[in-house]
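build me a model from this:
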Amino acid sequence: MDHLADAAALRRAVVRINRRLRQERGEGGLSPNQLAVLGHLHAHGPATPGRIAARERQRPQSLTRVFADLEAEGLIAREPDAGDRRQSVLSLTEPGRRALERDMAERDVWLAAALSTLGETERGVLTLAAALLERVGSMEIPGTEI
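Alright, predicted model coming up:
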């Protein structure tokens with residue numbers, strides 16, 4: 001079964017909602033890469049820079065500055081890896097968790113207001129869609145790597 005038309009429609013919708021949610025962020029907030037790093041540490045716990053980069057599908061070198069900035073701002077902490085002293089492990093600090101929560105809350109306020117304009121059935125459909133999108137987003141499909 002060919003799902004390309006459905007995939008294109010879904011991609012367009014996700015891009016549009018993502019763009020709108022970015023617009024709802026406050027000025028001077030965290031960059032998308034900073035949010036990705038903090039979000040990773042929040043969801044998965046302490047990790048090496050290489051593991052975070054791989055999970056975010058980026059090269060470690062492209063996140064080096066992000067890691068340094070987050071560490072300088074006290075949003076993450078860096079410690080030597082107990083198993084391999086050549087590596088470091090990054091962890092989310094309490095200020096980092098608060099910064100991430102603040103950033104998410106700004107967008108959640110807009111989204112909650114938008115959801116309040118929908119009917120109960122529509123909100124239920126979106127709740128189900130959110131769970132499905134979460135599942136699809138975590139899938140590894142062999143042969144689809146770019």
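
and the most centrally placed residue in the chain, what is it in contact with?
By C-alpha atoms, centre = their mean, the chain has its centre lying nearest to residue 36, at 4.3 Å. Residues in contact with residue 36 (C-beta atoms under 8 Å, 6 or more residues apart in numbering) are residue 56. The C-beta positions use only the backbone N, C-alpha and C, and glycine is treated the same way.

so what pLDDT did it get?
pLDDT recorded at residue 36 is 92.

any idea how far it is from residue 46?
Residue 36 sits 16 Å away from residue 46, going by C-beta to C-beta, to the nearest Å.

just the element for the residue nearest to the centre of the chain, please.
Using DSSP states H and E, residue 36 sits in helix 32-44.

return the set of buried residues in that helix.
Neighbour counts using 16 or more other C-beta atoms under 10 Å place 33-41 of helix 32-44 among the buried residues.

between those, which is nearest residue 123?
Distance to residue 123 across those (C-beta to C-beta) is lowest for residue 39, with 24.3 Å.
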